[in-house]
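Undergrad: Provided below are the primary sequence and the corresponding predicted coordinates.
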Amino acid sequence: MNYKQALEYLYSQLPMFHRVGAAAYKADLNNTIALCNLLNHPYQSFKSIHIAGTNGKGSVSHFIASILQESGLKVGLYTSPHLKDFRERIKINGKMIPETYVVNFINKYQNEFERIQPSFFETTVGMAFQYFKEEKVDIAVIETGLGGRLDSTNIISPLLSVITNIGYDHTNLLGNTIEEIAYEKSGIIKNSTPVVIGESNLMSKPVFIKKATECNAPIYFADAEYQIRNIQQPSNENNKLTIDVYKFNSLAYQNLRMGLTALYQLKNIKTVLKSIEIIKSLKFQITNESIYNGIENVINNTGLYGRWQILSHHPLTICDTGHNEDGINEVLRQIDITQHNTLHFVIGIVNDKNVESVLKLLPKDAIYYFCKADIPRGMDVNDLAIMASKNKLQGKTYSSVKKAMMDAQKNAQKNDLVFIGGSTYVVAEII
């Protein structure tokens, strides 16, 4: 079996959420436990940080990993989904897991997989944990895939749990109310283990406090402690977002330069700084220099893409993976402050999202280019265009994401903006 064959096995033989949706979601941890029994519990061999949330968990995971990496640690990073290469999901100090390791792992355990019948995600979690064990990482940053309580990653006993925020996403699996979704996310809170909540919410906060109290877990709300001031937008001279960060109204970080420049990252950075504060208290040597460098160099250190990423300047073309109501709202705020005349919006959506609620948010005066990502979960482009039309959004349909983007760039004038998004998988096809 070569690498291509190993990927074909992973994608075709194992139920994969990003392709088939809810059918790949397992409502218990039995398969993960069986898999980790097979692997002799590799997650017990390394320290970990566990991160959940509706939005921002990917950015927060990468920021934290980057800072720890700048501190001289060997840092494992497990995230999902990937954009271009499966190996993006499993990294150590920004380097993807080798193809040979993926092949050898599948070859070694394929017969056992037939017995256990794990999903794609469960198999990938097992692979990541085994790789981090064998490579003897100092610490691993582990991002949940979906929810928390029943997520395959939720067998670890982390040093710190982090929940970025709660919003409406995957309601068919996690619940229809903020309280229900918060309950699922709160499942990563462990006994006597500190937990950082990124954003306070009147509906979710009592859920988190109740769970933390039951677990005797110290709980911190990052947005209650940190304030952002003196925001300087990126410019030709300084392509970073620069901020001053205050803690309880005392200056903590001056002229902090952020490698991820969208304004929605200001919420995430509070979560990151509170998390790092707690990690430092657990006897990790993390200097202010490492914090500054880690935040500024997050893209180079970790290979994170798709967060308000500029693809070209003529015309200005930007993509972002924000895809639920909260994520799209943040993207639209960023579009509003980005100077442009006409907005050309390339959009595709997966069919298990609350599509109507997303379409209602979108600006009526943009020109739309409707497309479908090349996955089974992608919403039919004609159905999307019909729903969009009912919400007074006008545009044309395209047979591929690439054709939609090319037409948008062709039609855009010098001072227009081309934006590509609506789904992580749409972004994946054009990066």
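TA: Yep, that arrived.
Undergrad: residue 76 should be in a strand, yeah?
TA: Yes - counting by DSSP: H, G, I helix; E, B strand; the rest coil, residue 76 is part of a strand.
Undergrad: and stretch 212-229, how far apart are its ends?
TA: Criterion Cα to Cα, to the nearest Å; first-to-last residue distance in stretch 212-229 is 31 Å.
Undergrad: in three-state terms, label residue 310 for me.
TA: strand.
Undergrad: pretty sure residue 355 contacts residue 387?
TA: Yes - Residue 355 is within contact range of residue 387, at 6.0 Å (criterion: Cβ atoms under 8 Å). Using the backbone N, CA and C atoms, a C-beta is placed for each residue, glycine as well.
Undergrad: longest strand of the chain?
TA: Longest strand in the chain by number of residues (criterion: DSSP state E): strand 250-258.
Undergrad: which secondary structure elements does it contact?
TA: strand 241-247, helix 265-281, helix 288-296 (3 or more Cβ pairs under 8 Å, 6 or more residues apart in numbering; DSSP states H and E).
Undergrad: ok, and the closest non-adjacent residue to residue 194?
TA: Excluding the flanking residues, the one nearest residue 194 by Cβ to Cβ, 6 or more residues apart in numbering is residue 218, at 4.5 Å.
Undergrad: same question, residue 165
TA: Closest residue in space to residue 165, ignoring its immediate chain neighbours: residue 199 at 4.1 Å, by Cβ to Cβ, 6+ apart.
Undergrad: pLDDT score for that neighbour?
TA: As summarised for this prediction, residue 199 has a pLDDT of 93.
Undergrad: ok, and for the longest strand of the chain, which residues are buried?
TA: Neighbour-count burial for strand 250-258, counted by 16 or more other Cβ atoms under 10 Å, picks out 252-253, 256-258.
Undergrad: got the residues you listed as TSV, with pLDDT and distance to residue 31 columns?
TA: Converted to TSV, these look like this (pLDDT from 0 to 100; distance: Cβ to Cβ, whole Å):
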residue	pLDDT	distance to residue 31
252	98	43
253	98	43
256	98	42
257	97	43
258	96	39
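Undergrad: for the residue nearest to residue 165, give me phi and psi.
TA: Backbone torsions of residue 199, given as degrees, to the nearest 10, read phi -130, psi 130.
Undergrad: how deep is it tucked in, by neighbour count?
TA: 24 (other Cβ atoms under 10 Å).
Undergrad: what's the domain layout of the protein?
TA: Domain ranges of the chain: 3-302, 309-430, per automatic domain parsing.
Undergrad: identify the bridge partners of residue 317.
TA: Beta-bridge partners for residue 317, by DSSP bridges, are residue 312, residue 418.
Undergrad: contacting residues around it?
TA: Contact partners of residue 317, counting by Cβ atoms under 8 Å, 6 or more residues apart in numbering, are 310-311, 405, 408-409, 417-420.
Undergrad: for ChimeraX, what selects the buried ones among those residues?
TA: Buried members of the contacts of residue 317, defined by 16+ other Cβ under 10 Å, are picked up in ChimeraX with:
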select :405,408,409,417,418,419,420
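Undergrad: now the two most distant members of the contacts of residue 317.
TA: Greatest spacing in these, by Cβ to Cβ: 310 and 408 (15.0 Å).
Undergrad: list the buried residues for stretch 33-48?
TA: 34-36, 38-39, 42-43, 46-48.
Undergrad: got it, and stretch 180-192?
TA: By neighbour count on 16+ other Cβ under 10 Å, the buried set for stretch 180-192 is 181-190.
Undergrad: kindly reformat those residues as JSON lines containing distance to residue 325.
TA: Putting these into JSON lines (distance: Cβ to Cβ, whole Å) gives the following:
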{"residue": "181", "distance to residue 325": "12"}
{"residue": "182", "distance to residue 325": "16"}
{"residue": "183", "distance to residue 325": "19"}
{"residue": "184", "distance to residue 325": "17"}
{"residue": "185", "distance to residue 325": "16"}
{"residue": "186", "distance to residue 325": "21"}
{"residue": "187", "distance to residue 325": "22"}
{"residue": "188", "distance to residue 325": "23"}
{"residue": "189", "distance to residue 325": "25"}
{"residue": "190", "distance to residue 325": "29"}
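Undergrad: out of those residues, list just those in helices.
TA: 181-185 (DSSP state H).
Undergrad: pretty sure residue 31 contacts residue 123?
TA: No - look at residue 31 against residue 123 with Cβ under 8 Å: they stay out of range, at 9.0 Å.
Undergrad: more crowded one of those two?
TA: Higher neighbour count among residue 31 and residue 123: residue 123, with 24 against 20, using other Cβ under 10 Å.
Undergrad: which strand or helix spans the more buried one?
TA: If you go by DSSP states H and E, residue 123 is part of helix 120-134.
Undergrad: rounded mean pLDDT for that helix, please.
TA: 95.
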